[in-house]
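Trainee: What follows is a predicted protein model with its sequence.
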Amino acid sequence: MLSAERILAIISPESAPIKRMVQDVREKGLLIDASFGRSTKSVIIMDSGNVVLSALAADVLTARITEKNEEGTENG
């Protein structure tokens, strides 16, 4: 689980600059691979400097975050 408030960006992992960024973060020890061996479909950049690899697509993650935020405003 990630805190939605700490997410800076959710991006696709396919471009060369993103691949370089992931490699740099891996070398610094700030990479969290949450893809559980599946192919990486999104890269989540956190405000802490950590980068999280996810097997869920960016649009799916965005929809889940939006859904949770809407639930929170309805209940609270």
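Mentor: Yep, it's here. Keep in mind the model is a prediction, meaning the values are calculated, not measured. Residues are numbered from 1 along each chain as shown.

Trainee: just the helices in this structure please.
Mentor: With DSSP state H, the ranges of helices along the chain come out as 16-28, 58-75.

Trainee: Show residues contacting stretch 13-33.
Mentor: 11-12, 40-43, 49-53 (Cβ atoms under 8 Å, 6 or more residues apart in numbering). Where you see a C-beta, it was placed from the backbone N, CA and C, and this is true even at glycine.

Trainee: Next, count neighbours for Ala16.
Mentor: 7 (other Cβ atoms under 10 Å).

Trainee: Quickly note the distance from it to Gln23.
Mentor: Distance, Ala16 to Gln23, by Cβ to Cβ, to the nearest Å: 11 Å.

Trainee: cool, Lys68 as well?
Mentor: From Lys68 to Gln23 the distance is 31 Å (Cβ to Cβ).

Trainee: At the geometric centre of this structure, which residue sits there?
Mentor: Ile44 (2.0 Å; Cα atoms, centre = their mean).

Trainee: Low-confidence stretches in this structure?
Mentor: 73-76 (pLDDT under 70).

Trainee: Please repeat the previous calculation with a cut-off of 90.
Mentor: 1, 4, 64-76 (pLDDT under 90).
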